[in-house]
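1. test case, fold it:
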Amino acid sequence: MKFLLSLILIFFMGVTGYCDAPLKVGVVVNPPFVIKNEATYSGIAIDLWNEVAQGLGRPYVFIEHVCNDADKPFEILQKGEFDVLVGALSITGERYEKVDFTLPFFMDKVIAITPSDYIHNIILFLRMFLVSTGSIIGVLILLFLVYIHLLWYYERSHSKSFPRNYREGVTYLFWHHIISGRHFEIPVSFAGRLVVLFQKSLFYFIIILLNATWVSFITVTFVKYASSVQCISDLEKRKIGAIEKSKSFKAGTNIGLRVIPFKSLDEGLIALEEGHLEAFLEEQSTAEIALSEKGIGKLVVSQFSITRDLYSFATRVGSPLLREINTQILRLRRKEVPEKICKTYLPRAVKNCEF
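-> A predicted model of the protein is given here:
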């Protein structure tokens, strides 16, 4: 009898799990977050959702939403046609009034795509280089002068050929160190030896720091100044464009820039190459993908950002799914799953997935 009851319970539990209605997951195509491959989808947001759904243990179906209005999917979610919305969904105050957002999984920023222009920034580049290296060299010279004075003070009474007069003694040490790098008769005193030991150790450290600064400027800083746009004032002086009604277009107009509307990113890149534009505003993730796929070496992404956005999933207000999804996102973060997914699509922007 007990065995029969157990079989009946297992049967009803199985039927219940089987009859769970699949979650309706709305997707907004926007590479590299949602990429459509005929009848399937991939991308950062899709791959992460697949991991989340596996942890939820719930079946789901993707429902694609196609619309030029970026806020329309949130209204559809609010009406209950979707259970979850997936894509490059930026968090705004207006959208928060309609839906609930999960924990963010990506931070994107609006940047400027410009023609590479190293010559335009060569003066600024050299100025920054001289300020950073000049300060290190200044400290090096100051420590050298302190070292010479301390050495004269402790060694003046221990060497017969050593000038006892302050000015002559310091000058004598200075020129001997400049020409030969040291003085053969010193140090004799214990304090003098400590001064020399401290000077050698500190100087070696400063030289290493100076070399590291040079390498940094030759690599990282040189790449940073490949773009002629380094601040908002640089954009004010240029003819710039953006995709009409896009987030980048709104970001530019919100800070008072005159932005020329374009229908697509491809049109904007062509205008840049032909010299009709001096900058094109776009989200960093989209810009890097487009430039790498097209292999356009004459165009670069500026390091300066106009605005930053957090991307997350969205659920209906008060939906119990919100807490369940957040729990899974936290679990995946501990395993560094978002970073691994991000590395597949945006190897240069992996840090944008680190929270």
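2. how close does the closest residue to C342 other than its chain neighbours sit to G256?
-> Take C342 and drop its neighbours on the chain: the residue closest to it by C-beta to C-beta, 6 or more residues apart in numbering is C353, 3.6 Å away. For glycine as for every other residue, the C-beta is placed from the backbone atoms N, C-alpha and C. For C353, the distance to G256 equals 32 Å [C-beta to C-beta, to the nearest Å].
3. between these two, which has more neighbouring residues?
-> C353 (24 against 9; other C-beta atoms under 10 Å).
4. quick one: low-confidence ranges for the stretch 1-150 of the chain?
-> The stretch 1-150 of the chain contains residues with pLDDT under 70 at 1-20, 117-129.
5. elements contacting the helix or strand hosting F203?
-> Taking DSSP states H and E as the definition, F203 sits inside helix 190-216. The contact analysis (3 or more C-beta pairs under 8 Å, 6 or more residues apart in numbering; DSSP states H and E) places helix 190-216 against helix 122-155.
6. for the helix it packs on, packing partners?
-> Against helix 122-155 (3+ C-beta pairs under 8 Å, 6+ apart) you get helix 166-180, helix 190-216.
7. can you report how many residues neighbour N68?
-> Neighbours around N68, by other C-beta under 10 Å: 8.
8. pop the domain breakdown of the protein in here.
-> Following automatic domain parsing, one finds the domains of the chain at 17-105+312-353, 114-118+227-307, 122-224.
9. backbone dihedrals for the closest residue to I325 other than its chain neighbours, both of them.
-> In space, and not counting its chain neighbours, I325 is closest to T102: 4.9 Å by C-beta to C-beta, 6+ apart. Phi and psi for T102, reported as degrees, to the nearest 10, are phi -80, psi -180.
10. compute the distance between T102 and I113, please.
-> For T102, the distance to I113 - C-beta to C-beta - is 30 Å.
11. who's more crowded, the two?
-> Each of T102 and I113 has its neighbours counted (other C-beta under 10 Å); I113 has more, 28 against 22.
12. look up phi and psi at that one.
-> Note on I113: backbone dihedrals following degrees, to the nearest 10 are phi -90, psi 130.
13. which residue is the nearest non-sequential neighbour of it?
-> Of all residues not flanking I113 in the chain, F280 sits nearest, at 4.6 Å (C-beta to C-beta, 6+ apart).
14. about what we covered before: just send the helices and strands packed on helix 122-155 back as CSV, with mean neighbour count, mean pLDDT and distance to F304 too.
-> Below are the helices and strands packed on helix 122-155 laid out as CSV (neighbours: other C-beta atoms under 10 Å; pLDDT from 0 to 100; distance: least, C-beta to C-beta, whole Å):
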stretch, mean neighbour count, mean pLDDT, distance to F304
helix 166-180, 14, 76, 44
helix 190-216, 14, 78, 19
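15. wait, which of these is closest to T307?
-> Closest approach to T307 among the helices and strands packed on helix 122-155 (C-beta to C-beta): helix 190-216, 27.4 Å.
16. what about the strands in the protein?
-> 23-27, 35-37, 40-42, 60-64, 84-86, 99-101, 106-115, 240-243, 259-262, 279-283, 299-311, 314-316 (DSSP state E).
17. how about TSV for those, with distance to I148 added?
-> Compiled in TSV, the strands of the chain are given as follows (distance: least, C-beta to C-beta, whole Å):
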stretch	distance to I148
strand 23-27	71
strand 35-37	66
strand 40-42	66
strand 60-64	74
strand 84-86	68
strand 99-101	63
strand 106-115	50
strand 240-243	56
strand 259-262	60
strand 279-283	53
strand 299-311	42
strand 314-316	68
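18. L291 is nearest to which of those strands?
-> Going by C-beta to C-beta, the one of the strands of the chain nearest L291 is strand 299-311, 6.0 Å.
19. and that closest one, what's buried?
-> Neighbour counts over strand 299-311 (16 or more other C-beta atoms under 10 Å) mark 299-304, 306-307, 309-311 as buried.
20. state the pair within those residues that is farthest apart.
-> For the buried residues of strand 299-311, and using C-beta to C-beta, no pair is farther apart than L299 and L310, which are 26.9 Å apart.
21. I'd assumed E282 was in contact with I111.
-> Yes - between I111 and E282 there is a contact under C-beta atoms under 8 Å: 6.9 Å.
22. can you tell me how far I113 is from T171?
-> Distance, I113 to T171, by C-beta to C-beta: 58 Å.
23. my bad, should have said E81
-> According to C-beta to C-beta, E81 and T171 sit 87 Å apart.
24. what does N352 give?
-> According to C-beta to C-beta, N352 stands 58 Å off from T171.
25. cool, and V188?
-> 20 Å.
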